[in-house]
Structure formats: C-alpha cells, structure tokens
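[1] The sequence and its predicted three-dimensional model are supplied below.
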Amino acid sequence: MSDVARILVLNCGSSSLKYQLFDGDKVVDKGTVERIGEPGGGPADHAAALRLMAERVDLTGLGGVGHRVVHGGVRFAEPTLITDQVVAEIERLVPLAPLHNPANLTGIAQARRLLPGVPQVAVFDTAFHRTLPPEQASYAIDADTAQRYGIRRYGFHGTSHAYVSRRAAALLGRAPADVDVITLHLGNGASACAVAGGRSVATSMGLSPLEGLVMGTRSGDLDPAVVFHLERVAGWSTADVDRLLNQRSGLVGLTGAGDMREVLRRRADGDPAARLAFDIYCARIRFYVGGYHALLGRVDAIVFTAGVGENAAPVRAAALAGLDRIGVQVDARRNDEGRGERMISPDGRPVQVWVVPTDEEYEIASQTRAVLTDG
C-alpha cells in the first residue's frame, strides 16, 4: 500500500455528513455538512454533500477513507477493506439497522465514486463486541428462531468503548491486556461495557441500540410485555410502539426534554419530573456498574465518556454513589473541577474513576490505517 498518513474519516447520517481529515495523529481539517436532501438550501443529496466537502478539504495525497458503519452483524469482527462483496454484505444487514446502515452505505457508494483510486475501509460499531462470550451474546429464546433471524446481542458504540478503555490502560501505566475496566458512554445514546484485558465481555445495548441504559429519547431496559399490553389494550401498531420506545421515551419521555443539561437545570429548580428522571438515569448506570464489577471480579478503573459522561458532574457523582464497599468513590472537588482527561476518584482507591473524552474519529482513522498498512 502507498503512504497512509492522510486518512479521511466519514460518518454519514440520513441528513448529515461529518468528516475529519487526519495527517498521522493530527486533525488537519474537519466539519459537517447538514440538511442533506432537505428543503431550504442544503445539498440535494449525499453526492452533492461529498462534492461540497471536497471543495472545502485538501484531499491531495489521501491514503485512505475510513467509514463509520453502525452494524456489522456476526460477519464483521474487525475493520474491513471495502469491496463490492463487502458492500453487498452490509446491505444484507440493513434489517438489523434500518435507520443507520442505509445512510452509511450511501456515504460509501458516493465516496467510492468521488475517490475511485483511494482504498476505503468500513469500521463497525459492533465489531468491538464480537468478543462477547455466548452467555452474554445469547438471549434465552427459541434457539432456532434466534439463529434464523439473527437475534442476539450485538452491542454498539464499539469504537468509543475501544478508544477509552485503551486510554484508561495508558493512564494507569499498564498494557490493555493487564487491565479490567468499565466504560460508560453517556451521550444522547448511552451504553455501558465491561472490558477484560482489552476485550469486550459484556455490554448494555443488544440487538439494537434500544436496550440498556436510559437515553435521551430511548427507554433502555423494558419488560417486553409492555409492547403486548399496548397492542392489546390501546390498539397500538408496531410502528406506534417503535416511535414510543425510540423517540418518546428516556429523558424526553419523562420530562419533555431529551438534553441532560436541561434536565439538570429543571432539577436544580425543584422540578419533580426532572428529579425522578435524573434518579432513574443514574440508578440504571449504578445497576450496570455493580453487575459488571461482579462479572469481572476485579475492576481497575471506571471511565465516563461522551457528552453527558464528560460534562455532567452531578450524573457522575450520583451514578457511583453508595459503591464505596466495592472500592468505588468519587472525589467531589475533582469531579466538579477541570476538563479533559482527569481522575476524579480519591488517591489510593482500588478502583480509579476517570473522565476520558472519547475520540471515535481518531479510532476509525487508526483502524483504517492499520488495515491499509497490514494490507
């Protein structure tokens, strides 16, 4: 392969295109093209959005393009050089990620047309979790049905969990293979992950990003009978329930506001709905932290990342409150002060608590470069 220092990372959504250009480890350009295909002056389609990006960004000497792809199913356990066959296999996974994979595929198709001589790599959100053991990946339903329809735990936010768990090991001064950590990616979407020796062994999201922690608009864990109850009693359709659980639940369902900053503001003003939403949100995190601690047997660090995890000190404090007996404690002053990478637990605790800003684009660029270099 030619020199791969310059890597373009593309994250293509249904109506947006985010990009970052790396030269080695340095970001030399980045931006977002929004309102793709929407009325009011946005680019007509993703092809136009990519052409607009190419006008803004110096793509000379480009060594490769790394694409974020949300769902890799069981087929893709690592970043993969994109070929026509790979594209076809990603298309077959669309039923598992109908809101995400089509947009990712559109970005791949248009980037291959725009940059026909540049190798391109798919980096999958699910790939980091392909190391889940069977007892964590499997649901207790009819095995033939699960096999036929691909029903299992896939997990998501894999590039974020991979990046921050590896950074945590570096901050502890140890190799990833020697460290067990719990990573908490808390953004509009949220997930927890138990990482043993650099490998994901449990994660809160499942077949889809709906399962697990409370999120901005998603319910997280829920008794499946709620679905049947709404169908029988309220006459709701599958689409009605889908909209409820994915768009009208979580923080927005409990308070009308899906942004944790607004929830915290209302909580400080004494709003009972905001207090309840905050308590539910933090209790769910604490439940997973305790369970993953038991699963791992030993935890070296707990890491908060993403928008809420990096910026909401009250969430970090409340989510780990009452875990002193298992060696987990947050130092109030450290938690409330500072920005960027920092330890927020007292000195000398057996479990260090860290805030580590995630960098999924850097992770995608690194994985892309590794594929092209090894190739």
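    Cool, got the structure.

[2] so who does Gln247 touch?
    Gln247 is in contact with Thr217, counting by Cβ atoms under 8 Å, 6 or more residues apart in numbering. Every C-beta, even on glycine, is put in place using the N, C-alpha and C of the backbone.

[3] Tell me what Ala301 is bridged to.
    Per DSSP bridges, the residues bridged to Ala301 are Val181, Gln352.

[4] number of nearby residues for it?
    For Ala301, the neighbour count with other Cβ atoms under 10 Å is 24.

[5] confidence score at it?
    As predicted, Ala301 sits at a pLDDT of 98.

[6] surely it meets Val353?
    Yes - with contact defined as Cβ atoms under 8 Å, Ala301 reaches Val353; the gap is 7.1 Å.

[7] Name the residues that touch the strand or helix carrying Ala365?
    Assessed by DSSP states H and E, Ala365 sits inside helix 360-374. Contacting residues not belonging to helix 360-374 are listed as 1, 4, 7, 9, 11, 20, 22, 25, 27, 30, 63-68, 79-81, 119, 121, 123, 159-160, 162-163 [Cβ under 8 Å, 6+ apart].

[8] Using PyMOL, make a named selection holding only the buried ones among these.
    Filtering the contacts of helix 360-374 down to the buried ones (16 or more other Cβ atoms under 10 Å) takes a single PyMOL command:
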select buried, resi 4+7+9+11+20+22+63+64+65+66+67+68+79+80+81+119+121+123+159+160+162+163
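
[9] Next step: the contacts of helix 360-374 restricted to strands.
    Among the contacts of helix 360-374, DSSP state E puts 7, 9, 11, 20, 22, 27, 30, 64-68, 80-81, 121, 123 in strands.

[10] domains of this structure?
    6-124, 174-355 (automatic domain parsing).

[11] so how far is the first residue of the first one from its last?
    So that's domain 6-124. Domain 6-124 has an end-to-end distance of 20 Å (criterion: Cα to Cα, to the nearest Å).

[12] what ranges do the strands span in the stretch 201-350 of the chain?
    301-305, 342-343 (DSSP state E, counting those that start in this stretch).

[13] quick one, which of the ones you listed is nearest to Arg218?
    strand 301-305 (18.2 Å; Cβ to Cβ).

[14] So what touches the closest one?
    Contacts for strand 301-305 (Cβ under 8 Å, 6+ apart): 160, 164-165, 167-168, 171-172, 179, 181-186, 289, 310, 316, 320, 328, 351-358.
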